[in-house]
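Visitor: Fold the following for me, if possible:
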Amino acid sequence: MNLVLATNNDDKIKEIKYLLEDLPVTIFSRSDFLEFPDVEETGQTLKENALLKAKTIAEFCDMPALADDTGLEVEALDGAPGIFSSRYAGDNASYADNVNKLIKEMKHVPKEKRGACFRCVIAIDWNDGNTETVEGVCEGYITEDVQGKQGFGYDPVFYYPPKNKRFSEMKIEEKNMVSHRGLALQNMVGLIMEKVNKLRAAQSGE
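Guide: Residues are numbered from 1 along each chain as shown. The predicted structure follows:
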């Protein structure tokens, strides 16, 4: 089965490919196409945005497409930046821009109120009129400074207590075991294998 990753974010492509590499699936990404749309996230929820991206890319590439939408929800900011996490500091914001704005917004927030969670919704459009979604959530808190060189996005300020580390201090295989995207993808693997097995059965005439 072919599957295209519906994202233009190279960091996400790396993480997702790592978790799906053992599946009997041929994975495509934007580098495999001469043109690849940059889908505008007009949904009001993570789920809506994930489904929108998956549907658009499935139609464009004419194959099943997998997309995620992820938000950082900070307790002291009433759930912000949420669906606006990737553009918290503006439409063309860099990772550093977003992190710096978050640190500034939380400058006077005490540790006991710096709780936060990453929430990830992954959608798959099977390119046959059917779609499915799964979700992963990881809880931690926002640090007062930036540290670590791994990961991307808000990883340098997201501390995960069970590991006594920030995401930016974890290697990709360690992060993927506990992260929001890793947990969601672990749930998605079952759906993909179910589809693969159905296709195999149909091909063998069972």
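Visitor: what's around the closest residue to Asn176 other than its chain neighbours, how many residues?
Guide: In this structure, Asn176 finds its nearest non-sequential neighbour in Gly182, 3.8 Å apart by CB to CB, 6 or more residues apart in numbering. All C-beta spots, glycine's among them, are computed from the backbone N, C-alpha and C. Residues near Gly182, counting by other CB atoms under 10 Å, number 21.
Visitor: And Asn9, how far from Asp38?
Guide: Asn9 sits at a distance of 10 Å from Asp38 (criterion: CB to CB, to the nearest Å).
Visitor: Tell me which of the two has more neighbours.
Guide: Ranked by neighbour count (other CB under 10 Å), Asn9 and Asp38 place Asn9 first, with 16 against 10.
Visitor: Lys113 contacts Asp78, correct?
Guide: No. Look at Lys113 against Asp78 with CB atoms under 8 Å: they stay out of range, at 11.7 Å.
Visitor: out of those two, which sits in the busier spot?
Guide: Lys113 (12 against 8).
Visitor: quick one: contacts for the more buried one?
Guide: Contacts for Lys113 were tallied using CB atoms under 8 Å, 6 or more residues apart in numbering; they are 75-76.
Visitor: Relative to Glu73, how far out is it?
Guide: As judged by CB to CB, Lys113 and Glu73 stand 14 Å apart.
Visitor: what do you get for Arg200?
Guide: Distance from Arg200 to Glu73, by CB to CB: 39 Å.
Visitor: Between these two, which is the more surrounded one?
Guide: The neighbour count for Arg200 versus Glu73, taken as other CB under 10 Å, is higher for Glu73 (20 against 12).
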